[in-house]
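Asks: I would like to see how this sequence folds:
(one chain, ligands or ions: 1)
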Amino acid sequence: MTRHSEDGPAPVRRTETRVVNAGRDPAAYHGFVNPPVYHASTVIYPTADDYVARRSHFVYGRYGTPTTEALEQALQELEGPQCVDVALLPSGLAAISTALLSVLHAGDHLLVTDSAYLPTRNFCDKILSRLGIATTYYDPLIGGAIAGLIQSNTRAIYLESPGSLSFEMQDIAAIAEAAHARGAVVLMDNTWGTPLYCRALEKGVDLAIHAGTKYIGGHADVMLGTIAANSTTAANLKTTVRLIGMCVGPDDIYLGLRGLRTLAVRLERHYQSGLTVARWLEQRPEVLRLIHPALESHPGHALWKRDFTGACGLFSVVLKPVPQKAVHTFLDALELFGMGPSWGGFESLAIPFDCGSFRTATQWAPGGPTVRFHIGLEAVEDLVADLERGFAALAVEHS
Ligand SMILES: Cc1ncc(COP(=O)(O)O)c(C=O)c1O
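Replies: Next comes the predicted model:
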């Protein structure tokens, strides 16, 4: 909330408190806890002079309303002191494409992690290429050696850490240092970390992107994207968002705001249940290995510990080699895990995946079939029982 005691500086508050209060000002809305949902296009100006000078806090529906501003302010506070502006877009992918367009020009070169979300690659390969922007994919584990890939026209380096299927942890600070030394900006898809578990701008990122569709919304009922900008990138971001003309409908903004208020408690549960299920899976005879950054067995565990204060409910498993049909039997036998791609909601998910067909800088050879799990808010004992049922079906299929 914006109400502060008049005497002395505002107290330092913990994340759980800030997530509840950031961007909230009941006094501005007749005392009601939440801001109203403004359905709005035009803004009426009191006089012709005011209109000509666009003298109004809000100037047009596309540029935002008090509902939009409430979510932007809340996210800005959560992203930390380096964040000077937040843009809201109608999906996570729209946030990714808009953030890239805000920093790139014809003739520029872009470095993108090989572990990036596939539609991000598609945008680079099919849209940016048409605009004369060349993309090179790099090994997500490259660290400071990325300096060797930076060309004279490299304007931006894009990270997704961890990769949302394969979970490689990237050395954000080392990559950011190499980028900044050569005048390039750093973008990161931080959907997995959320602003609660990784404040990316603090680590050297210039544009931190979230698919708000996932944990910020948190209920599998909204499409939303957010971009947090620092002082290097904020002005271009704002101009780009305005020129492109994308904006988010008021009900979706409201769902983002509503989801945000419970993000800390939901994430904590996703984190703990995810770890419990991952540790259980790690002991199963059908499992070759877990790919979960918060497990000590993960090769990027030290980077996770350095840069993140928690983990969400998303991780992958490599099964011991079995025919793909047996994997499908396992998945089809699950009753509590839905088979769908968009994670971050309250419900558990499981999908088969294979990165082999689209990687270009690294080889995807996990040693067995791979399944990505999203651990939801159900009782963890029920989820484990469901997985036991799945493994029993797999055993029958495979015997
Ligand atoms: C890591 C990551 N980034 C971005 C997106 C895109 O978000 P949206 O579906 O809101 O466009 C996704 C969606 O699955 C994702 O997993």
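
Asks: Counting neighbours, what do you get for the residue of the chain found nearest the ligand?
Replies: Closest approach of the chain to the ligand (C-beta to the nearest ligand atom) occurs at Gly92, with a separation of 2.3 Å. From N, CA and C alone the C-beta is placed, and that goes for glycine too. Residues lying near Gly92 (other C-beta atoms under 10 Å) number 26.

Asks: Just want the phi and psi numbers for it.
Replies: Per-residue torsions, Gly92: phi -60, psi -40 (degrees, to the nearest 10).

Asks: Test my guess that it contacts Ile209.
Replies: Yes: between Gly92 and Ile209 there is a contact under C-beta atoms under 8 Å: 7.3 Å.

Asks: what sits in contact with each of the two?
Replies: Common neighbours of Gly92 and Ile209 (criterion: C-beta atoms under 8 Å, 6 or more residues apart in numbering): 189, 191, 225.

Asks: Assign a three-state SS to the second one, would you?
Replies: If I follow you right, that is Thr191. Recorded secondary structure, Thr191: coil (DSSP: H, G, I helix; E, B strand; the rest coil).

Asks: residues near it, how many?
Replies: Neighbour tally, Thr191, other C-beta under 10 Å: 27.

Asks: Find the residue closest to it in space, skipping its chain neighbours.
Replies: Ala211 (4.5 Å; C-beta to C-beta, 6 or more residues apart in numbering).

Asks: same question, the first one
Replies: Counting by C-beta to C-beta, 6+ apart, Glu160 is the residue found nearest to Asp189 once chain neighbours are left out, at 4.0 Å.

Asks: Let me know the pLDDT of Arg13.
Replies: Note for Arg13: predicted pLDDT of 89.

Asks: for Arg284, same thing?
Replies: For Arg284, the model assigns a pLDDT of 98.

Asks: ok, now which ones touch it?
Replies: Phe391.

Asks: three-state assignment of it?
Replies: coil.

Asks: give me phi/psi at it?
Replies: phi -70, psi 140.

Asks: Please apply the same query to His298.
Replies: phi -80, psi 130.

Asks: surely it meets Leu275?
Replies: No: taking contacts as C-beta under 8 Å, His298 lies outside contact range of Leu275: 11.7 Å.

Asks: now the helices for the chain?
Replies: Using DSSP state H, the helices found in the chain span residues 15-21, 48-53, 66-79, 92-103, 118-123, 172-181, 194-197, 234-244, 250-260, 263-282, 301-307, 324-333, 380-398.

Asks: Could you dump those into CSV with distance to Thr362 added?
Replies: Putting these into CSV (distance: least, C-beta to C-beta, whole Å) gives the following:
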stretch, distance to Thr362
helix 15-21, 34
helix 48-53, 55
helix 66-79, 30
helix 92-103, 20
helix 118-123, 13
helix 172-181, 16
helix 194-197, 25
helix 234-244, 30
helix 250-260, 34
helix 263-282, 23
helix 301-307, 17
helix 324-333, 22
helix 380-398, 29
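
Asks: excluding its backbone neighbours, what's nearest Arg62?
Replies: What sits nearest to Arg62 in space, not counting adjacent residues and going by C-beta to C-beta, 6+ apart, is Cys247, at 4.7 Å.

Asks: per-residue confidence for that neighbour?
Replies: 97.

Asks: dump the residue contacts of it.
Replies: 61-64, 68, 88, 90.

Asks: could you measure the residue nearest in space to the middle of the chain against Thr329, distance?
Replies: With distances taken as C-alpha atoms, centre = their mean, the residue of the chain nearest its centroid is Thr191 (1.2 Å). Applying C-beta to C-beta, to the nearest Å, the value for Thr191 to Thr329 is 31 Å.

Asks: what pairs with the nearest residue to Arg372 once chain neighbours are set aside across the strands?
Replies: With C-beta to C-beta, 6+ apart as the criterion, Arg372 has its nearest non-adjacent residue at 4.6 Å, and that residue is Ser316. Assessed by DSSP bridges, Ser316 has beta-bridge partners Ile291, Arg372.

Asks: my guess is Ser316 meets Val371, correct?
Replies: Yes: with contacts counted by C-beta under 8 Å, Ser316 reaches Val371, the gap being 6.7 Å.

Asks: Sweet, I'm off.
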